[in-house]
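Trainee: what follows is a predicted protein model with its sequence.
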Amino acid sequence: MSAIRAYRLGYQTASLIDLGAMTDPTSGDSIHRPAQRLTTARRNVELIDSLDPFAPIGLASAHRIADAHAELLGWNVVGWKVGCTSERAMEILNCPEPFSGRLFAGTQVVDGQLAHDALIKPLLESEFIFTLGNPLPPRDAPYTVDEVRSATATVTPAFELVAPRYRDWLAVDYFSLIADSGCNGGFVMGNPVAVDECPSLADVAVSLAVDGVEVSRGMGSDILGEPWAALVWLANHLSDRGIGLASGDLVMSGTCTGADPLPEGSTATATFEGLGEVTVRRTNP
């Protein structure tokens, strides 16, 4: 059974928590030193080869490094992203399920203009952003689709700006990507739409054009079969870690058009049929 089909049917797939659990270091230099390397790279807009010899070998250390990285940055957290929400992404990254990363204040492109030197070789992912109107606190019982939908105020067409801190991000394993806050570099939002005015998100066709030329296309259903499933996954994933979602938090769904480059001087627009669009331009040097 495929991972996506398992999520549609509500089954539990192979859990990342079980991988490396017996030998996963979660303290001392094994956490602080890779977190410091990621923090320096993010602040200086530079790349590193890897986190070796302190690369995480399991989910526990990956999350601890990501937590320490966020603490060292000291930037306010405005929400979360969900990554690896398609079968293709799971195959490429050899990752059995989605993963999470923080969205930091100050990384939103609010005027549609991304400075050419703000990120190194950013990739565009066309996604939905959920804005919570009510909190989803940690609890023992899992959240359902109806509950997370009721807690959501708006849905917004958006771009995630993916910018790993690694020179070759496909050469490191997914634990190192999780430690890097899921490789999030920023995000761009279109106009929000109230939940009760939204079309069926699974049925939304999405096309991405760069400088007026379509480069990729997808459907909302490419995200775990149903974009709301990404929010359900995140709410339950964070709840298991004792973390809640607050009113006003943003949640990125994962991409339905893959990941495409945004060259310097180019303008990209993603059109979400029946929902709206989002545009970003990367400036020239």
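Mentor: Yep, that arrived. Residues are numbered from 1 along each chain as shown.
Trainee: ok now do Gly182, which residues does it touch?
Mentor: Taking Cβ atoms under 8 Å, 6 or more residues apart in numbering as the criterion, Gly182 is in contact with 81, 83, 99-102. C-beta here means a position set from N, CA and C on the backbone, and glycine is covered the same way.
Trainee: if we use 6 Å, what do you get?
Mentor: 81, 83, 99, 101 (Cβ atoms under 6 Å, 6 or more residues apart in numbering).
Trainee: how many residues are close by Ala89?
Mentor: The criterion is other Cβ atoms under 10 Å. On that basis, Ala89 has 20 neighbouring residues.
Trainee: would you list the phi and psi of it?
Mentor: For Ala89, the backbone dihedrals (degrees, to the nearest 10) come out as phi -60, psi -40.
Trainee: please apply the same query to the one 3 residues further on.
Mentor: As for Ile92, its main-chain torsions (degrees, to the nearest 10) stand at phi -60, psi -40.
Trainee: strands of this protein, residue ranges please.
Mentor: For the chain, the strands defined by DSSP state E cover 77-83, 99-104, 113-114, 123-132, 152-162, 184-189, 193-194, 205-210, 213-219, 250-252, 260-261, 267-272, 276-282.
Trainee: could you check the pLDDT of Ile17?
Mentor: The score at Ile17 is 37. That number is its pLDDT.
Trainee: and what of Tyr174?
Mentor: Looking at Tyr174, its pLDDT is 95.
Trainee: look up how far Asn76 lies from the closest residue to it other than its chain neighbours.
Mentor: The shortest distance from Tyr174 to any non-neighbouring residue, by Cβ to Cβ, 6 or more residues apart in numbering, is to Cys95 (4.2 Å). Separation of Cys95 from Asn76 (Cβ to Cβ, to the nearest Å) stands at 28 Å.
Trainee: how about Gly112?
Mentor: Counting by Cβ to Cβ, the gap from Gly112 to Asn76 is 22 Å.
Trainee: compare neighbour counts for the two and give me the winner.
Mentor: A count of neighbours by other Cβ under 10 Å puts Gly112 above the other of Gly112 and Asn76, at 14 against 11.
Trainee: follow-up on the earlier one: quick one: closest of the strands of the chain to Asp146.
Mentor: Taking Cβ to Cβ, strand 152-162 is the member of these nearest to Asp146, at 11.0 Å.
Trainee: which residues does Leu136 bridge with?
Mentor: Leu245 (DSSP bridges).
Trainee: that one against Ala235, yeah?
Mentor: Yes: using Cβ atoms under 6 Å, Leu136 is in contact with Ala235, at 4.7 Å.
Trainee: leaving out chain neighbours, which residue sits closest to the residue nearest to the spatial centre of the chain?
Mentor: The residue lying closest to the centre of the chain (Cα atoms, centre = their mean) is Lys81, at 3.0 Å. With Cβ to Cβ, 6+ apart as the criterion, Lys81 has its nearest non-adjacent residue at 4.0 Å, and that residue is Met252.
Trainee: tell me the mean pLDDT for stretch 210-228?
Mentor: Per-residue pLDDT over stretch 210-228 has a mean of 97.
Trainee: now do the end-to-end distance for that stretch.
Mentor: Counting by Cα to Cα, to the nearest Å, you get 27 Å between the two ends of stretch 210-228.
Trainee: list of residues touching that stretch?
Mentor: With contacts defined as Cβ under 6 Å, 6+ apart, stretch 210-228 is touched by 4, 7-8, 85-86, 128, 145, 149, 201-202, 204-208, 230, 253-254, 256-258, 260, 266, 268.
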